[in-house]
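Trainee: Based on what follows, work out the 3D shape:
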Amino acid sequence: MVEPAYYFSYTPMNIAPEAAAAIFIGFAVALALQTVKSRGPRWLLILSVTAFCEAVGYAFRTVCIYWTTMGTFTAMSLFLLLPPNALALTNYKTLGEVVKSAHESPRNGFSSTLRGEPPSSIFLRPRFITWFFFTSDVFSFLLQGAGVGISTQADRRTLAKQTILTGLAVQLFFFAAFLCIAAYVFFDQRFTVARGPKDVDSREAKRRLFRVIISTTLLLYMRSIYRVAEFVGGYGSKVYGTEWLFYLFDTVMVMVSFALYMQSFIGYHFQSHDSDPKDGAQVPMNRLIL
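Mentor: Numbering: from 1, shown residues only. Coordinates of the predicted model:
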């Protein structure tokens, strides 16, 4: 065991990580309940799992205040650096579902504005949006995770830094590409979104859904820029050694993202396969794509 400053380059404040862990546990529970209540697709549980992993990361940060070892510091780094990447996966899947619904044939009471019309570009194919960006995110995830693992070896810190920075650079590039495609789909009136309980019409539903997608992606983008600055400066730099910057550009960015997901929950705009009406059952009005 060593002094916390040996790894952090400062003595981390108490109370803050405990409070953050409690808040993220709250997000995890609330989002799980919203997924069940909205009868949304089960892939939305990614949000709850991500919030729980964030809570675990801050729990390890709390442990590091009192008992700092390479193991606890590495665990903290993994749980605080990697899980937010899963929020991007949620956005990729959401956009893919919006595009997919526009190309499907009518079924179960849903209408389609593009049925029978082939995608004008490979970039607007649902499978491409979901799997291409999913693969890029996993690749970035693996690079960052490998970098954290390599950093446990004192003689390979430079390689670890370069690996993590490469993962973050890949992530920033694909965030930007995703934002461009999301903006195109948003402004193209052929793509519609199912109304949620708070929406007056499908246009408001689309604005609400894309406000969440674009806002959270921008927040994750700012967080990644902070992480790049942190690793470029390295241990002992002003960015790395200033704790309030971590809480502002990492903790707060992720918390606001979860708050946005809760405020305009994605599940109300999509039906899980388990809840699709069958045998002529009536489709609730807030489930229709107008």
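
Trainee: can you pull out the helices in the protein?
Mentor: 5-8, 16-38, 45-66, 70-81, 85-103, 126-150, 157-187, 202-233, 243-246, 253-263 (DSSP state H).

Trainee: Report the distance from the first one to the chain centre.
Mentor: To tie it back to what came earlier, the one meant is helix 5-8. With Cα atoms, centre = their mean, to the nearest Å as the basis, helix 5-8 stands 28 Å off its chain's centre.

Trainee: same question, the third one
Mentor: In terms of Cα atoms, centre = their mean, the gap separating the centre of helix 45-66 from the centre of its chain is 15 Å.

Trainee: Over to the fifth one?
Mentor: Taking the mean C-alpha point of helix 85-103 and that of its whole chain, the gap between them comes to 11 Å (Cα atoms, centre = their mean).

Trainee: next one: the second one
Mentor: Between the centre of helix 16-38 and the centre of its chain there are 14 Å (Cα atoms, centre = their mean).

Trainee: Let me know the pLDDT of the residue lying closest to S77 once chain neighbours are set aside.
Mentor: Spatial nearest neighbour of S77, chain neighbours left out: V148 (5.1 Å); criterion: Cβ to Cβ, 6 or more residues apart in numbering. C-beta here means a position set from N, CA and C on the backbone, and glycine is covered the same way. If you check V148, the pLDDT there is 82.

Trainee: Now for W67, how many residues are close by?
Mentor: W67 has 12 neighbours, counted by other Cβ atoms under 10 Å.

Trainee: residues touching the closest residue to it other than its chain neighbours, list them.
Mentor: In this structure, W67 finds its nearest non-sequential neighbour in M1, 5.8 Å apart by Cβ to Cβ, 6+ apart. Taking Cβ atoms under 8 Å, 6 or more residues apart in numbering, we find M1 in contact with 67-69.

Trainee: Output those residues in JSON lines, with pLDDT and distance to T158 appended to each entry.
Mentor: Converted to JSON lines, these look like this (pLDDT from 0 to 100; distance: Cβ to Cβ, whole Å):
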{"residue": "W67", "pLDDT": "91", "distance to T158": "28"}
{"residue": "T68", "pLDDT": "90", "distance to T158": "23"}
{"residue": "T69", "pLDDT": "92", "distance to T158": "23"}
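
Trainee: May I see those residues organised as CSV, with distance to P12 added?
Mentor: CSV is the format used below for the contacts of M1 (distance: Cβ to Cβ, whole Å):
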residue, distance to P12
W67, 12
T68, 9
T69, 14
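
Trainee: among the helices of the chain, which gets the worst mean confidence?
Mentor: Looking at these, the bottom one is helix 126-150 with a mean of 83.

Trainee: Could you list every helix and strand in contact with that one?
Mentor: helix 70-81, helix 85-103, helix 157-187 (3 or more Cβ pairs under 8 Å, 6 or more residues apart in numbering; DSSP states H and E).

Trainee: who wins for proximity to R195 among the helices of the chain?
Mentor: R195 lies closest to helix 202-233 among those, at 4.7 Å (Cβ to Cβ).

Trainee: Against T62, how distant is the residue nearest the centre of the chain?
Mentor: The centroid of the chain falls nearest to L87 when counting by Cα atoms, centre = their mean (1.0 Å). Distance, L87 to T62, using Cβ to Cβ, to the nearest Å: 23 Å.
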